[in-house]
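In: got a predicted structure here, sequence first:
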Amino acid sequence: QVQLVQSGAEVKKPGASVNVSCKASGYTFTGYYLHWVRQAPGQGLEWMGWIRPETGGTNYAQTFQGRVTMTRDTAITKAYMELSSLTSDDTAVYYCARGGSTNYGPIDFWGQGTLVTVSS
Amino acid sequence: QSVLTQPPSASGTPGQRVTISCSGSSSNIRSNYVCWYQQLPGTAPKLLIYRNNERPSGVPDRFSGSKSGTSASLAISGLRSEDEADYYCATWDDSLSGHVFGTGTKVTVL
């Protein structure tokens, strides 16, 4: 069965960076896009961007361009999302989620989420 | 910031039918498939509907989706207490070249 297991909760100071990992199993890692979505406390879902594991190609939402970097390691079927220059507005649960075989395909399976708290 | 608009809340009694709307534009809903997600408190979203009206395996047929023009809808028939959750629509936006989510609707079972 498809599983996405994310790294644990993080507490960071303003200005720092955070790196969240996502271990995929139960499907062909390079066959599907991998998206990152965040959800601030009590708020809705916000799409951050995708990575195509087959090629390493990425596309980031304009809101995060210049601050986010998505990478992957196909040997261990893991994806990573690094967000830099953190502020309190970045306090949120960050999800990795499997997309389709195309960039516009539906997002179907989600990781359990990683809480990132930014506080001085 | 969401480009897809949903009502903030909807409610019904057990057994009733509840409908949630999702309003978008020609660059997103009109030209792309719509998905719907259910998010129970403290958990990750779960895919309920894809390609406007298709249900993944395991999703009860009480959930149904539709799309017309720049709007989409999710209907929950035979409402049950376990349906109390937040619901989000989502689709691809050609202008933004990215996925967009609705503002979310909280469903309460009275």
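Out: Yep, it's here. Numbers count the residues shown, from 1 in each chain, chains lettered A, B, ... in the order given.

In: quick one: average pLDDT of stretch A:99-116?
Out: Stretch A:99-116 shows a mean pLDDT of 93.

In: quick check: buried residues in it?
Out: Within stretch A:99-116, the residues that count as buried by 16 or more other Cβ atoms under 10 Å in any protein chain shown are A:99-100, A:103-111, A:113-116. Just so you know, the C-beta spots here come from the backbone N, C-alpha and C atoms, and that holds for glycine as well.

In: hmm, that stretch touching chain B?
Out: Yes - interface with chain B: stretch A:99-116 contributes A:103, A:104, A:106, A:107, A:108, A:109, A:110, A:111, A:112, A:113 (Cβ under 8 Å from any Cβ of the partner chain).

In: farthest pair within those residues?
Out: A:104 and A:112 (25.1 Å; Cβ to Cβ).

In: show me where the chain has strands.
Out: Here I'm looking at chain A. A:3-6, A:10-12, A:18-25, A:34-39, A:45-52, A:57-60, A:68-73, A:78-83, A:92-98, A:114-118 (DSSP state E).

In: if you could check chain B rather than the one you did, that'd help
Out: In chain B, the strands defined using DSSP E lie at B:9-12, B:18-23, B:34-39, B:46-49, B:63-68, B:71-76, B:85-93, B:98-101, B:105-109.

In: columns mean neighbour count and distance to residue A:60 on top of these, output as JSON lines?
Out: Below are the strands of chain B laid out as JSON lines (neighbours: other Cβ atoms under 10 Å in any protein chain shown; distance: least, Cβ to Cβ, whole Å):
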{"stretch": "strand B:9-12", "mean neighbour count": "15", "distance to residue A:60": "32"}
{"stretch": "strand B:18-23", "mean neighbour count": "20", "distance to residue A:60": "24"}
{"stretch": "strand B:34-39", "mean neighbour count": "24", "distance to residue A:60": "21"}
{"stretch": "strand B:46-49", "mean neighbour count": "22", "distance to residue A:60": "23"}
{"stretch": "strand B:63-68", "mean neighbour count": "18", "distance to residue A:60": "28"}
{"stretch": "strand B:71-76", "mean neighbour count": "22", "distance to residue A:60": "26"}
{"stretch": "strand B:85-93", "mean neighbour count": "25", "distance to residue A:60": "14"}
{"stretch": "strand B:98-101", "mean neighbour count": "25", "distance to residue A:60": "8"}
{"stretch": "strand B:105-109", "mean neighbour count": "17", "distance to residue A:60": "28"}
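
In: can I get those in TSV with distance to chain A and mean pLDDT?
Out: Below are those laid out as TSV (distance: least, Cβ to the nearest Cβ, whole Å; pLDDT from 0 to 100):
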stretch	distance to chain A	mean pLDDT
strand B:9-12	13	97
strand B:18-23	12	98
strand B:34-39	5	98
strand B:46-49	5	97
strand B:63-68	12	98
strand B:71-76	13	98
strand B:85-93	4	97
strand B:98-101	4	94
strand B:105-109	10	98
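
In: ok, which of the ones you listed comes nearest residue A:74?
Out: Of all the strands of chain B, it is strand B:98-101 that lies closest to residue A:74, at 22.9 Å by Cβ to Cβ.

In: run through the bridge partners of the residue positioned nearest the centre of chain A.
Out: Geometric centre of chain A, nearest residue: residue A:36, 3.2 Å, by Cα atoms, centre = their mean. When bridges are called by DSSP bridges, residue A:36 pairs up with residue A:49, residue A:96.

In: ok, it - contacts?
Out: Residue A:36 makes contact with A:20, A:47, A:48, A:49, A:50, A:68, A:70, A:81, A:94, A:95, A:96, A:97 under the criterion Cβ atoms under 8 Å, 6 or more residues apart in numbering or on different chains.
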